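In: what follows is a predicted protein model with its sequence.
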Amino acid sequence: MKKQRNWSQAFQIAAVYIGTVVGAGFATGKEIVEFFSRFGFFGFISIVMSGYLFVSIGSKLMRMAAQIKAKTYQDFNEYLFGKWFSKIINGMMLIMLLGVSAVMLAGAGAVFEEQLGLSKSIGIFLTIFFVYLVMIVGTKALFAVNTFVVPIMIIFSLLLMVLSVRMPHFLEQFLYIPHATDGWKSVIAPFSYAALNLGLAQAVLVPIATEVEDDWTIKWGGILGGVGLTLILISSHLTLIMLPNLEMYEIPMAIIMKNLAPFFYWIFIMVIYGEIFTSIIGNTFGLDRQLKEFMPISTLTSVSVIFIISYFISLVDYGTLLAYLYPLFGYICMIFFILLWMKPFEPSLK
């Protein structure tokens, strides 16, 4: 008997995929500027290539994880790299996930400081409190938060894109290729960006895929998630290129919203915060699973350890953290990405 296709669960997986990848840098626009938009039209070509990788390799990652029944990214990396080398990779992954959690917290603090005029620490501690609540509930809360935030985020991205496309001289800006001393980075950006995000997203995508099990659902969850990410990347890029001196802002997407659609500004600030929040939850979820593999501790204890470390790193300026840590992590994740791409995968017949 043919198994009924579960589109609802496929959309939930897609929402978690998008919500995990769309973090502080992605949501604020800072990460998209760093990897793509500052290269002009070359950046657009890089985004299209990244989108293809998000669809194909992201879907493969989850399907493979479900097939080998990997409970954590540690199990998955052991399958990819072997027992000995996977220990080094997993150690690096742990450090990177903590580093990215710190970037997320700094991003949440930046939203409160730059956009709301409140203390950065208030934003960080409030975010930590909300994450505790979600982590106590577990996987259902992870799905619920992402299913709510992600569609709103896509709608706002498309709204800003439509407003930007209608601006004068849009086509000139779209085709413009600015001078960049590190222009060579635009060539490797699709690979380092996709590698960074998939390498880090595996912390939540691996256990989620293994819980779902059904290959068809996981496959389409990966495809829909990859397409959604591509759509947000393209729409954000087409918006960001219309902002003069786009590299000087911590949260460029908020500046654009304030200029183009001020009546939606405060709602958009909440959407940006929601996007950052979904990524922090994803990272914490993956790290919590990993720490529990090493020692029998409660969720409360593991989350506390994660946030104590992340908090002290997040005290560094958000823009500085993102500019240095993300490209570095991207190059490190290239090893994971290449091995995942080369690893043969034969889907089980169900």
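Out: Sure thing, it's come through. Numbering: from 1, shown residues only.

In: report the buried residues of stretch 238-254.
Out: 238-243, 246, 249-254 (16 or more other Cβ atoms under 10 Å). Yep, even glycine has a C-beta here, placed from its N, CA and C like the rest.

In: and which of those residues is nearest to residue 68?
Out: Nearest to residue 68 among the buried residues of stretch 238-254 is residue 253, at 38.2 Å by Cβ to Cβ.

In: leaving out the residues flanking it, which one is nearest to that closest one?
Out: Spatially, and ignoring its direct neighbours in sequence, residue 253 is nearest to residue 29 (3.8 Å; Cβ to Cβ, 6 or more residues apart in numbering).

In: count of residues packed around the one you found?
Out: Residue 29 has 26 neighbours, counted by other Cβ atoms under 10 Å.

In: go ahead and confirm it touches residue 240.
Out: Yes. Residue 29 is within contact range of residue 240, at 5.5 Å (criterion: Cβ atoms under 8 Å).

In: what is in contact with the two at once?
Out: Shared contacts of residue 29 and residue 240, defined by Cβ atoms under 8 Å, 6 or more residues apart in numbering, comprise 37, 246, 252-253, 256.

In: show me what counts as buried in the lengthiest helix in the chain.
Out: As assigned by DSSP state H, the longest helix anywhere in the chain is helix 265-294. Across helix 265-294, burial judged by 16+ other Cβ under 10 Å covers 268-269, 271-292.

In: what about the helix or strand following that helix, average pLDDT?
Out: Following helix 265-294 in sequence order, the next helix or strand is helix 299-314 (DSSP states H and E). For helix 299-314, mean pLDDT is 80.

In: now do helix 299-314: distance to the chain's middle.
Out: In terms of Cα atoms, centre = their mean, to the nearest Å, the centre of helix 299-314 is found 19 Å from the chain centre.

In: swap in stretch 63-80?
Out: 20 Å.

In: endpoints of that stretch, how far apart?
Out: Start-to-end span of stretch 63-80 (Cα to Cα, to the nearest Å) is 14 Å.

In: C-terminal to the least confident helix or strand in the chain by mean pLDDT, what's the next element?
Out: The weakest-scoring helix or strand in the chain, judged by mean pLDDT, DSSP states H and E, is helix 24-28 (a mean of 60). Where DSSP H and E defines the elements, the next helix or strand beyond helix 24-28 is helix 30-35.

In: count of neighbours near residue 117?
Out: If we define neighbours as other Cβ under 10 Å, then residue 117 has 7 of them.

In: find me the pLDDT at it, would you?
Out: pLDDT, residue 117: 80.

In: give me phi/psi at residue 343?
Out: The phi/psi pair for residue 343 (degrees, to the nearest 10) reads phi -70, psi 120.

In: leaving out chain neighbours, which residue sits closest to it?
Out: Here the residue nearest residue 343, using Cβ to Cβ, 6+ apart, is residue 80, at 6.2 Å.

In: with residue 286 instead?
Out: Nearest one to residue 286, counting by Cβ to Cβ, 6+ apart, is residue 203 at 2.4 Å.

In: give me the buried positions along whatever helix or strand that neighbour lives in.
Out: Assigned by DSSP H and E, residue 203 belongs to helix 185-212. For helix 185-212, burial by neighbour count (16+ other Cβ under 10 Å) applies to 185-186, 188-210, 212.

In: cool, and stretch 52-64?
Out: Neighbour-count burial for stretch 52-64, with 16+ other Cβ under 10 Å as criterion, is recorded at 53-55, 57-64.

In: just stretch 157-168 next, same as before
Out: Buried residues in stretch 157-168 (16+ other Cβ under 10 Å): 157, 159-161, 163-164.

In: for that stretch, what is the average pLDDT?
Out: Stretch 157-168 comes out at a mean pLDDT of 86.

In: any chance you could list what contacts it?
Out: 170, 231-232, 234-236, 238-239, 241-242, 253, 256-257, 260-261, 264.

In: now stretch 117-133, how far from the centre of its chain.
Out: On Cα atoms, centre = their mean, the centre of stretch 117-133 falls 20 Å from the chain's centre.

In: residues contacting the residue nearest to residue 343?
Out: Residue 80 makes contact with 86, 336, 339-340, 343, according to Cβ under 8 Å, 6+ apart.

In: what subset of those is buried?
Out: 86, 336, 340.

In: could those go into JSON lines alongside distance to residue 19 and secondary structure?
Out: Formatted as JSON lines, the buried ones among the contacts of residue 80 follow (distance: Cβ to Cβ, whole Å; DSSP: H, G, I helix; E, B strand; the rest coil):
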{"residue": "86", "distance to residue 19": "27", "secondary structure": "helix"}
{"residue": "336", "distance to residue 19": "21", "secondary structure": "helix"}
{"residue": "340", "distance to residue 19": "21", "secondary structure": "helix"}
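
In: mind showing which ranges of the stretch 201-350 of the chain have poor pLDDT?
Out: 317-323, 326, 347-350 (pLDDT under 70).

In: sorry, back to before: ok now the longest helix of the chain, how far from the chain's centre?
Out: Counting by Cα atoms, centre = their mean, helix 265-294 comes out at 9 Å from the chain centroid.
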